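S.K.: Pasted the sequence and its predicted model underneath.
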Amino acid sequence: MMKIVWQKQEMPDATVDVGRLEELARQILVEIGEDPTRAGLLETPRRYAKWWKEFVEYDAGKVDTLFESSTLGQTVMVSGMTVWSLCEHHLLPFSCDLAVAYKSGGTLLGLSKFARIAHKHAHKLQVQEHLVSDIADEIADITGTDDLAVVGRGEHLCMTMRGIRTPSTMSSSVFRGVFEKSEHARAEIFAQLGAK
């Protein structure tokens with residue numbers, strides 16, 4: 001059995017060569033038997049290159065806005081965030097519905113920052129498990145809490161539209177601190193997720 005070790009990857013810093021991507025898109029069209037000069041495909045290479053540029057060079061903006069908290073130890077949960085990422089094995093998209101919970105200490109993370117962090121980490125080639133873990137790492141770094149949970153539920157087009165061609169939902173989660181140690185704390189998360 002082959003052992004695969006995950007190495008945390010940093011966000012890409014490279015800028016996209018749009019001209020080169022357009023050339024590659026034209027070449028792909030030719031290789032699959034299409035005519036890149038036909039009316040419906042004339043702008044496709046430009047659109048393809050523009051999309052990759054937007055994906056790779058995505059800027060989430062400020063993600064570390066904190067506010068003072070008047071309560072300590074309260075569970076804060078943000079759910080219903082959907083991001084799109086790309087499977088690193090097939091270069092096909094997957095959507096992932098995310099929920100993040102943490103026990104507030106002396107500070108609270110700004111509400112929109114959860115979505116900004118989620119989108120920031122979605123813009124790279126990866127598997128869902130890495131996405132969920134990277135989101136948890138960044139929120140822990142910003143908030144300073146070890147008590148957090150991130151749950152992701154995704155549909156992967158590499159399974160839905162190729163191979164077995166069956167839609168399904170994959171779940172992955174990270175539980176740390178009290179959410180890892182306490183069955184009651186985990187149950188609170190799942191109860192809230194089920195109450196949608």
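M.R.: The structure has been received and is ready for your questions.

S.K.: helices and strands around the top strand by length along the chain, which ones?
M.R.: The residue-count maximum for a strand in the chain (DSSP state E) belongs to strand 75-87. In terms of contacts (3 or more CB pairs under 8 Å, 6 or more residues apart in numbering; DSSP states H and E), strand 75-87 is packed against strand 93-103, helix 111-122, strand 125-126, helix 128-143, helix 183-194. For the C-beta atoms, the positions are set from N, CA and C on the backbone; glycine is no exception.

S.K.: Same list (these) but as TSV, adding distance to residue 37.
M.R.: Output for these, formatted as TSV (distance: least, CB to CB, whole Å):
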stretch	distance to residue 37
strand 93-103	28
helix 111-122	34
strand 125-126	30
helix 128-143	38
helix 183-194	50
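
S.K.: Throw the ones you listed into CSV and include mean pLDDT, mean neighbour count and distance to residue 152, thanks.
M.R.: CSV is the format used below for the helices and strands packed on strand 75-87 (pLDDT from 0 to 100; neighbours: other CB atoms under 10 Å; distance: least, CB to CB, whole Å):
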stretch, mean pLDDT, mean neighbour count, distance to residue 152
strand 93-103, 97, 22, 5
helix 111-122, 98, 21, 9
strand 125-126, 97, 18, 11
helix 128-143, 97, 20, 4
helix 183-194, 92, 13, 11
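
S.K.: Residue 52 is nearest to which of these?
M.R.: strand 125-126 (11.2 Å; CB to CB).

S.K.: chain center to the closest one: distance?
M.R.: 9 Å (CA atoms, centre = their mean, to the nearest Å).

S.K.: can you list the residues that contact it?
M.R.: 9, 85-88, 91, 134 (CB atoms under 8 Å, 6 or more residues apart in numbering).

S.K.: which of those sit farthest apart?
M.R.: Comparing all pairs in the contacts of strand 125-126 by CB to CB, the longest separation belongs to 91 and 134, at 19.1 Å.

S.K.: any idea which residue sits dead centre in the protein?
M.R.: Centroid-nearest residue in the chain: residue 122, 3.1 Å away (criterion: CA atoms, centre = their mean).

S.K.: Return the residues in contact with it.
M.R.: 83-85, 96, 131.

S.K.: go with 10 Å
M.R.: Taking CB atoms under 10 Å, 6 or more residues apart in numbering, we find residue 122 in contact with 55, 58, 60, 81-86, 94-96, 98, 131, 134-135.

S.K.: now it: how far from residue 128?
M.R.: 10 Å (CB to CB, to the nearest Å).

S.K.: Next, format the contacts of strand 125-126 as a markdown table and append distance to residue 112.
M.R.: Below are the contacts of strand 125-126 laid out as a markdown table (distance: CB to CB, whole Å):
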| residue | distance to residue 112 |
| --- | --- |
| 9 | 25 |
| 85 | 19 |
| 86 | 24 |
| 87 | 27 |
| 88 | 28 |
| 91 | 30 |
| 134 | 18 |
